[in-house]
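the sequence and its predicted three-dimensional model are supplied below.
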Amino acid sequence: MTDTQDLPERKTPVTSSAPTRRSFLVLTSGAAIAAGCGPAVAEPALGEDGLYHEPWFLQSFLDLREDLDSAAANGKRLAVMWELRGCPYCRETHLTNFADAGISKYIRDNFEVLQLNLVGSRKVTDFDREELSEKDLAQKYGIRFTPTFQFFPQSSDGIEAKEAAAREVARAPGYLKPPHFLAMFRFVRERAYERGSFRDFLAANG
């Protein structure tokens, strides 16, 4: 798992429902892009839960093992994005990072992104089959900042036997500016976490 000290992050402290039907969107396959900015895309919708929702986010039954296995079957990786109503850096992630067409295309082509609410009440089935509210699941995994991205391995094999923190291959706790944000998804997609830290990856890739 990536050391959080390796991340060029900007944290927001915790203060204080997306759809639950799985419906994978048909996405256009494409080659991975190099880091850089693309043209802007349409803004996401602000839901009644106070969170911004991207139309391409994963629509899920909130079963993490099922979501990971489905992502793997489609040649993708699973990422969980934790958000909170009123979080300014969550808004920035949507309106700046995801609004970059190059960044959003790379993520859509290579990842399934499941959006969860830091204080939400929806029931989520964890990899070990424990069913918890979003809020309790966040506490189980030590999620303290929004936005936080959790990245999971390519396969669910053996994942339930690991401690919660050891199930991730990388974590981005806090806002990352667009170039570093894209780099984090590349870091996971290219399995660079097997060779070194995110900081090392950034240094080697400009």
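Yes, it's here.

what distance do you get for residue 186 to residue 205?
8 Å (C-beta to C-beta, to the nearest Å). Every residue, glycine included, has its C-beta placed from N, CA and C.

again, but for residue 117
Residue 117 is 33 Å from residue 205, by C-beta to C-beta.

which one of those two is surrounded by more residues?
residue 117 (21 against 14; other C-beta atoms under 10 Å).

quick one: contacts for residue 71?
By C-beta atoms under 8 Å, 6 or more residues apart in numbering, the contact set of residue 71 is 58, 77, 78, 111, 112.

if you set the cut-off to 7 Å instead, what comes out?
77, 78, 112 (C-beta atoms under 7 Å, 6 or more residues apart in numbering).

between these, which is nearest residue 193?
Within the contacts of residue 71, the smallest distance to residue 193 is 11.3 Å, found for residue 77 (C-beta to C-beta).

hang on, the closest one packs against residue 188?
Yes. Counting by C-beta atoms under 7 Å, residue 77 touches residue 188, with 5.9 Å between them.

look at the two and report which has more neighbours.
The neighbour count for residue 77 versus residue 188, taken as other C-beta under 10 Å, is higher for residue 188 (27 against 23).

what about residue 145, how many residues nearby?
Residues lying near residue 145 (other C-beta under 10 Å) number 21.

burial count for residue 85?
For residue 85, the count of nearby residues is 16 (other C-beta under 10 Å).

and the gap between it and residue 114?
Distance, residue 85 to residue 114, using C-beta to C-beta: 18 Å.

and what of residue 78?
Applying C-beta to C-beta, the value for residue 78 to residue 114 is 7 Å.

how about the contacts of residue 71 in CSV, adding pLDDT, distance to residue 137 and secondary structure?
Formatted as CSV, the contacts of residue 71 follow (pLDDT from 0 to 100; distance: C-beta to C-beta, whole Å; DSSP: H, G, I helix; E, B strand; the rest coil):
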residue, pLDDT, distance to residue 137, secondary structure
77, 98, 19, strand
78, 98, 14, strand
112, 98, 17, strand
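
and residue 148, its phi and psi?
Per-residue torsions, residue 148: phi -130, psi 130 (degrees, to the nearest 10).

coming back round to it: overlap in contacts, residue 78 and residue 114.
residue 67.

ok so, going back, okay, and the common contacts of residue 77 and residue 188?
Both residue 77 and residue 188 are contacted by residue 151, under the criterion C-beta under 7 Å, 6+ apart.

count of neighbours near residue 154?
Neighbourhood size, residue 154 [other C-beta under 10 Å]: 15.

where's the closest residue to it other than its chain neighbours, which helix or strand?
Leaving out its chain neighbours, the residue that sits closest to residue 154 by C-beta to C-beta, 6 or more residues apart in numbering is residue 72, at 5.9 Å. Residue 72 belongs to helix 64-73 when assigned by DSSP states H and E.

since that was my last question, I'll sign off now.
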